[in-house]
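>>> with the sequence up front, the predicted model follows.
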Amino acid sequence: MSTDAFRRTGLLVRHNAVLRLRDPAQLISYIALPMVLMLVLKPLYEEALDGGTLQAVTGPLVMFSVFALSIVGNSILVEREWRTWDRLRASRAGRVELLLGKTGPVLVLLLLQQAVLFTFGCLVVGLPLPRPSAVGYLALAVGIWGLTLLAVGAALATVVRSRGELSVASDLGAIMVSALGGALVPVSLMPGWAQHIAPISPGYWAMSMLRAAVDSDPAGMLRPALVCLGIALVAGGLASWRLARGWGRSRLM
């Protein structure tokens, strides 16, 4: 990437960071609500499961990180609502620069959300503090899952035509991904048919990756991490392709 490209991307990142900081309510709700859910579900999970505290922390974390898809989508959709997306596309910034500029600040917010929830899980909910060797694995797992959500949200924003469509897609997607992925009920306790189709949910791989990270198990992290990165690559490629074809223009609203 050239110096000019770095400068353009930096300006876009700064502009979109300001927009996100001016409207933090959605992020605050996606941090506060899972905290409450962790505290409410902890006694139930501890009574019913071995490792119930880990389920009580990772389940709401994954669930509400998927809900945060709407933050990613809104970061792009708002430009289309304001009829400024065409102006950005007509500038000298390439589509990759536009995507990085729009999604970079959101990635920081996603990582902040997951870091705060893990810290809350350890200090308040009672999740044992991870071993020093696990901290790096946790950071890697959280980063990979954040990139996956970022790419899927960006792709979603180039498909939907309104905030209503985005809300429906992100809310239904969050419930399905969480339910099938084992965020609400462990996969081992699901009906047989649900256990068979659980691996189609990105949440299934996110839960597996986070658990392996807590256990300092790099071998256990490998396959879930590769699946999540594959999803991110496909979704990011789709978002870039649609933007290149002009399918994210304001006139489609």
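Thanks, I have it. Numbering: from 1, shown residues only.
>>> verify the stated contact: Leu184 with Ala174.
No - contact criterion Cβ atoms under 8 Å: Leu184 and Ala174 do not qualify, at 11.0 Å. Where you see a C-beta, it was placed from the backbone N, CA and C, and this is true even at glycine.
>>> neighbour-wise, which of those two wins?
Taking neighbours as other Cβ atoms under 10 Å, Leu184 and Ala174 compare with Ala174 leading, 21 against 18.
>>> residue contacts, the more buried one?
The contact partners of Ala174, by Cβ atoms under 8 Å, 6 or more residues apart in numbering, come to 63-64, 66-67, 69.
>>> in the stretch 101-250 of the chain, which spans are strands?
Applying DSSP state E, counting those that start in this stretch to the stretch 101-250 of the chain gives no strands.
>>> which residue is nearest the centroid of the protein?
Leu149 (3.2 Å; Cα atoms, centre = their mean).
>>> my read: that one touches Val72, true?
Yes - between Leu149 and Val72 there is a contact at 6.6 Å, judged by Cβ under 8 Å.
>>> average pLDDT for stretch 29-49?
In this model, stretch 29-49 has a mean pLDDT of 90.
>>> quick one: contacts of it?
With Cβ under 8 Å, 6+ apart, stretch 29-49 has contacts from 52-53, 55-57, 59-61, 63-65, 67-68, 71, 113, 116-117, 120-121, 124-126, 186.
>>> between Leu184 and Ala174, which contacts overlap?
Common contacts of Leu184 and Ala174 (Cβ under 8 Å, 6+ apart): Met63.
>>> how about Gly73, what does it touch?
Gly73 neighbours (Cβ under 8 Å, 6+ apart): 153-154, 156-157, 160, 166, 169-170.
>>> what residues of stretch 135-143 count as buried?
137-138, 141-142 (16 or more other Cβ atoms under 10 Å).
>>> just those residues now: which is nearest Ala194?
Ala141 (24.0 Å; Cβ to Cβ).
>>> correct me if wrong: that closest one contacts Ser208.
No - checked against Cβ under 8 Å, the pair Ala141 and Ser208 is beyond contact range at 9.7 Å.
>>> helices of the stretch 1-150 of the chain, start to end?
Along the stretch 1-150 of the chain, counting by DSSP state H, counting those that start in this stretch, helices occupy 3-22, 25-48, 52-67, 69-81, 85-90, 95-120, 132-157.
>>> relative to helix 69-81, how tilted is the second one?
It refers to helix 25-48. 160 degrees (axes from the mean of the first three to the mean of the last three Cα atoms, to 10 degrees).
>>> and helix 25-48, how far from the chain's centre?
Taking the mean of its C-alpha atoms, helix 25-48 sits 17 Å from the chain's own mean (Cα atoms, centre = their mean, to the nearest Å).
>>> could you give the angle of that helix to helix 52-67?
150 degrees.
>>> what angle sits between helix 25-48 and helix 95-120?
40 degrees.
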